[in-house]
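A.B. asks: Turn this into a model:
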Amino acid sequence: MAEAVVAEVTDTAYDHFQLEDTRVTRRYFGKFERIIGHLARVAGVLEAESRLSKQDVEVMTRYIVGLNYTFRALAHKYHFSGRFAHAGKLTFDRVDSGFPVYSELLTMANDAAQADRHLRGMRSVEDLKQDMVRVILGEQQVPTKLQYALSQRLYYEELAKGELFWARNDPEAIWLGNPARMQRRFLIHWAVYDSQINLPTIYLMELEDTGRVGLPKDDRRWPEVQAHLMAQSVAGLKLLTIARGFDEDFDDLHPKRLRRFHVGPMYSHAFTRQSGPLREVLELARSPVGEDWALVWTEEELRSEDTVQQKSGWFGSVQREVFALDPFEGRGAETGASKVERSIILPQQPYQALEERKPPGFSDVRKFVVSPKGRVLSYR
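C.D. replies: Coordinates of the predicted model:
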């Protein structure tokens, strides 16, 4: 049987819901713990097929692990939702993404800035556990308040460890080598929790640097590059718009390849209310608890296919990139990308229902199917 969920509208918008029940909240986070665990395996399959490089996988794995830490922290924070008056309730986007809303990550970032102060004012995990044992044995009561205090202690400890996936994960640069004299190649990576669609979004840009000082060591250009890229990290912007704007703003930085990975939406018959074939498939599958889900994974890619020289000032010229757009059916102008590949990750039972139903539009979508033991198989 699929999971039952109790949710209540907490926003004037239909799509933002709060989880009211403790058991449902824990099932929600348990579901994401399993899903995120599969993402690293999917990345491994893509590396084995040479669709992702070893460097790409290391970067992607870092963000996936950070996402796992973020969900673990939120699971501690809301561990007693519905059982304790001050425990709070998780708000998630049940229509567009299936993920927690953007404001949850903003609040978490604010809590992280004050985590050390909170921890200094709390008793240790060991002391709280000893007090719980005394209440259970001596007073023969459930130590709800102490349990809640322990969950908050664990929440702030998780924040204090760092390495989470935040609302903003600023750009970092990895040196890839020097193709020629005064020419360096870097992989710039960054990520955001997109506020428009409530989804984790990861960006990778390969560029050539012809500046006098290597980009990460350049006190003038590097802060400008970081600020520029973060300002452009919006799901509504096409990769072509982002790459052209970057190319025009930095004369000695040449973007050769730009990729964007959308992690989600997550579909679940129990938790979400999205429309479309996947919802119908999950309803038909009637999956057991923990296997009622499907996660969409989308990769957009934009490549430079040539360069041109443009006049700059009275006597100078600068190199500009010419980007390749998808040639099929004129889709490149629509997508602003050289290629867009969509995949879904789902357990065996929903996959079987998908194959039986064969809804239109899924023939060219790649399917990553996870077995109960965690093995990932790939199908077209």
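A.B. asks: from here on, contacts and neighbour counts on C-alpha atoms
C.D. replies: Noted.
A.B. asks: Got the domain ranges for this structure?
C.D. replies: Structurally, the chain divides into domains by automatic domain parsing as follows: 7-161, 168-379.
A.B. asks: With mean neighbour count as extra columns, can I get those domains in TSV?
C.D. replies: As requested, the domains of the chain are exported to TSV (neighbours: other Cα atoms under 10 Å):
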stretch	mean neighbour count
domain 7-161	17
domain 168-379	18
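A.B. asks: okay if I get these as JSON lines plus mean pLDDT?
C.D. replies: As requested, the domains of the chain are exported to JSON lines (pLDDT from 0 to 100):
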{"stretch": "domain 7-161", "mean pLDDT": "89"}
{"stretch": "domain 168-379", "mean pLDDT": "89"}
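A.B. asks: how about the strands in the stretch 1-150 of the chain?
C.D. replies: In the stretch 1-150 of the chain, strands defined by DSSP state E, counting those that start in this stretch lie at 7-9, 16-19, 91-93, listed in chain order.
A.B. asks: repeat for the stretch 201-350 of the chain
C.D. replies: According to DSSP E, counting those that start in this stretch, the stretch 201-350 of the chain carries its strands in the segments 253-267, 294-312, 316-324, 339-347.
A.B. asks: could those strands go into CSV alongside distance to residue 354?
C.D. replies: Written out in CSV, the entries for these read as follows (distance: least, Cα to Cα, whole Å):
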stretch, distance to residue 354
strand 253-267, 13
strand 294-312, 11
strand 316-324, 34
strand 339-347, 10
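A.B. asks: between these, which gets nearest to residue 15?
C.D. replies: Shortest separation from residue 15 across the strands of the stretch 201-350 of the chain is recorded for strand 253-267, at 13.3 Å, computed as Cα to Cα.
A.B. asks: check which helix or strand covers the residue nearest to the spatial centre of the chain.
C.D. replies: Most central residue of the chain, judged by C-alpha distance to the mean C-alpha position with Cα atoms, centre = their mean, is residue 200 at 2.6 Å. Under the criterion of DSSP states H and E, residue 200 resides in strand 199-209.
A.B. asks: angle of that strand against strand 253-267?
C.D. replies: Taking axes from the mean of the first three to the mean of the last three Cα atoms, to 10 degrees, one finds that strand 199-209 is oriented at 170 degrees with respect to strand 253-267.
A.B. asks: start the count at 272, not 1, going forward
C.D. replies: Okay, residue one is now 272; in that scheme the one you just asked about reads as strand 470-480.
A.B. asks: just the angle between strand 470-480 and strand 565-583, please?
C.D. replies: 30 degrees.
A.B. asks: Neighbouring strands - and their directions - for strand 470-480?
C.D. replies: Counting by DSSP bridges, the strands paired with strand 470-480 are strand 454-465 (antiparallel), strand 524-538 (antiparallel).
A.B. asks: Just the residues contacting the last one, thanks.
C.D. replies: Where contact means Cα atoms under 8 Å, 6 or more residues apart in numbering, the residues beyond strand 524-538 that reach it are 367-370, 470-482, 510, 514, 517-518, 545, 549-550, 564-575, 590-592.
A.B. asks: Could you tell me which residues make contact with the residue lying closest to residue 628 once chain neighbours are set aside?
C.D. replies: If you skip the residues right next to it in sequence, residue 628 has residue 552 as its closest partner in space, 7.3 Å away by Cα to Cα, 6 or more residues apart in numbering. Residues counted as contacts of residue 552 (Cα under 8 Å, 6+ apart) are 621, 624-625, 628.
A.B. asks: go on, residue 366?
C.D. replies: Taking Cα under 8 Å, 6+ apart as the contact definition, residue 366 lies against 286-287, 543-545.
A.B. asks: can you redo those as a markdown table with distance to residue 337?
C.D. replies: Rendered in a markdown table, the data for the contacts of residue 366 read as follows (distance: Cα to Cα, whole Å):
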| residue | distance to residue 337 |
| --- | --- |
| 286 | 26 |
| 287 | 24 |
| 543 | 24 |
| 544 | 27 |
| 545 | 26 |
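A.B. asks: Identify the farthest-apart pair in those residues.
C.D. replies: Once Cα to Cα is applied, these give 287 and 545 as the farthest pair, at 12.3 Å.
A.B. asks: what do the two both touch?
C.D. replies: Jointly contacting residue 287 and residue 545 under the rule Cα under 8 Å, 6+ apart are 365-366.
A.B. asks: How far does stretch 552-570 sit from its chain's centre?
C.D. replies: Relative to the centre of its chain, stretch 552-570 is centred 18 Å away, using Cα atoms, centre = their mean, to the nearest Å.
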